[in-house]
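Chemist: Predicted model, plus sequence, below.
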Amino acid sequence: MREITPNELSERLRDGDSSPLVLDIRHQEDFEEWHIPESRNVDVYDELTDNPEQAKVALSDLPDGNRIVTVCAAGVVSETATEVLRELDYDAATLTDGMNGWSRVHRHAVVPADIDGTLVQVARPGKGCLSHVLVSDGDAAVFDPSQYFGEYEAILDEYDADLVGVFDTHAHADHVSGAAELADRHGIPYYLHPKDAFDLDVTPLEDGQSVTIGNLGIEVVHTPGHSEGSVSFDIGGAALITGDTLFHESVGRVELGVEAGIEDSNVERNAATLYESLQRLLDRPDDALVLPAHDPGSPEPPVMATLAEVRERNEDLGRSREAFVEELASDIPDHPPNFQRVKRTNVGRESVPPDELAELELGPNNCAAE
């Protein structure tokens, strides 16, 4: 077999003992920006494109034994790499759709939260995205879903649960939200704070509101700063779905909405607002599990930490208000790819053809302040 699917590669990499050597043949700068963890970069993209024979020298000293999986952006040039490697007697296969395909992989695992129900975390390792499915007494809710619904539908089938609500913690800037379409497919409410809804038809959320899923009440905590409509969800005091407000070792960046042209604010004001929002979350129980919407490494679910652990690990939480604002306003990391269009798409200000949505969100996750 000369091809391997992204899901099959994901399973083999998780297996450990039978993991293949993942060979990324893209330019070094593209590899450094975004790649599959533990992969090896041999920059022979130009050689493979212009004259594949010239790539043989660079590819001839790879280790024997393990299968080699070649990777490029879309799985086209890597097919040539696979052919060259096979001519060199390596056991090689091409990753179908390359990094584009890898970005669609989803994995899930149960979060051990002390609640009257089950909380499942869905990780998207190629994007560093985390979403959650809450199941209680036959009802279910999905939080921060991607545009690819297969994993969520499989979880609903696994628990024989009816989807009754879809929630976004905020209007995302790094990936296309699937919340509105998922809610529409099931004929159920799409919940979003009105400050982030703009031109969308949503069921509005407000601070202090309680939404019931099965036997569980979910408290809405308005935590603006990363975006004006950012909210966190307190699930029975046992788990906090914090979106991009609070990560385990960082906090949400504060300039994306301003630079996307959809917020009438500024970076300093947003940073000050975020500082106040974080104080509200820090008042929650120490043993509450903090469940953010992203983890920039290739996340293996469940990604979680108690609020007490986050307080110790997260340097941003120990800063004074003045130092916090200065740090976030002055240290601006690289932006997520196409973040203006992604953000505008997620608030209903731009309509992107379905065949362009996947390409729009490709690239690394950069939603945390560094």
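Modeler: That came through fine.
Chemist: Need the three-state assignment for N270.
Modeler: With DSSP: H, G, I helix; E, B strand; the rest coil as the basis, N270 sits in helix.
Chemist: Give me the nearest residue to it, chain neighbours excluded.
Modeler: Setting aside the residues directly before and after it, N270 is nearest to V254 in space (Cβ to Cβ, 6 or more residues apart in numbering), at 3.8 Å. Glycine gets a C-beta too; all of them are placed from N, C-alpha and C.
Chemist: G243 now?
Modeler: T169 (2.7 Å).
Chemist: Tell me the confidence at the one you found?
Modeler: T169 is assigned 98 on the pLDDT scale.
Chemist: Go ahead and confirm it touches F233.
Modeler: Yes - taking contacts as Cβ atoms under 8 Å, T169 lies within contact range of F233: 7.2 Å.
Chemist: And for E79, the neighbour number?
Modeler: Under the neighbour criterion other Cβ atoms under 10 Å, E79 is assigned a count of 19.
Chemist: ok so, going back, OK, contacts around the residue nearest to G243?
Modeler: If you count contacts by Cβ atoms under 8 Å, 6 or more residues apart in numbering, T169 has them with F143, D144, S230, V231, S232, F233, I241, T242, G243, D244, T245, A293.
Chemist: repeat that with 6 Å
Modeler: By Cβ atoms under 6 Å, 6 or more residues apart in numbering, the contact list for T169 reads D144, V231, G243, A293.
Chemist: And the second one, its phi and psi?
Modeler: Torsion angles at V231 (phi, psi; degrees, to the nearest 10) stand at phi -130, psi 160.
Chemist: Among the contacts of T169, pick out the one closest to S351, please.
Modeler: Among the contacts of T169, D144 lies closest to S351 (Cβ to Cβ), at 21.4 Å.
Chemist: quick revisit: how many other residues sit next to the residue nearest to N270?
Modeler: Burial of V254 is recorded as 28 neighbouring residues (other Cβ under 10 Å).
Chemist: hang on, it packs against L328?
Modeler: Yes - counting by Cβ atoms under 6 Å, V254 sits close enough to L328 to count as a contact (5.3 Å).
Chemist: on that earlier part again, for PyMOL, write the select line for the buried members of the contacts of T169.
Modeler: In PyMOL, this line selects whichever of these come out buried by 16 or more other Cβ atoms under 10 Å:
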select buried, resi 144+231+243+293
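Chemist: Rebuild the contacts of T169 as CSV, extending it with distance to D15 and pLDDT.
Modeler: Rendered in CSV, the data for the contacts of T169 read as follows (distance: Cβ to Cβ, whole Å; pLDDT from 0 to 100):
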residue, distance to D15, pLDDT
D144, 28, 98
V231, 38, 98
G243, 32, 97
A293, 28, 96
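Chemist: Please narrow the contacts of T169 to those residing in strands.
Modeler: Among the contacts of T169, the members falling in strands are V231, G243 (criterion: DSSP state E).
Chemist: I'd like the contacts of T169 written out as CSV, with distance to F324 added.
Modeler: Written out in CSV, the entries for the contacts of T169 read as follows (distance: Cβ to Cβ, whole Å):
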residue, distance to F324
D144, 25
V231, 20
G243, 18
A293, 21
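Chemist: thinking again about what came up before, find the residues that touch each one of V254 and L328.
Modeler: Taking Cβ under 6 Å, 6+ apart as the contact definition, V254 and L328 share the neighbouring residues A271.
Chemist: can you tell me which of the contacts of T169 lies nearest to V211?
Modeler: V211 has its nearest neighbour among the contacts of T169 in V231, at 10.9 Å by Cβ to Cβ.
Chemist: so how far is V202 from that closest one?
Modeler: Counting by Cβ to Cβ, to the nearest Å, the separation of V231 from V202 is 12 Å.
Chemist: In which helix or strand does the residue nearest to G243 reside?
Modeler: Applying DSSP states H and E as the criterion places T169 outside every helix and strand.
Chemist: Can you find the helix or strand in the protein with the smallest mean pLDDT?
Modeler: Evaluated with mean pLDDT, DSSP states H and E, the helix-and-strand set of the chain has its lowest mean pLDDT in helix 256-259, which scores a mean of 71.
Chemist: picking that back up, report the secondary structure state of the residue nearest to N270.
Modeler: Under three-state DSSP, the three-state class of V254 is coil.
Chemist: Now do the same contact list for it.
Modeler: The contact partners of V254, by Cβ under 6 Å, 6+ apart, come to G225, V267, N270, A271, L274, L328.
Chemist: Next, count neighbours for the closest residue to the first one other than its chain neighbours.
Modeler: Translated: G225. If you skip the residues right next to it in sequence, G225 has L274 as its closest partner in space, 2.4 Å away by Cβ to Cβ, 6+ apart. Summarising burial for L274: neighbours were counted as other Cβ under 10 Å, giving 28.
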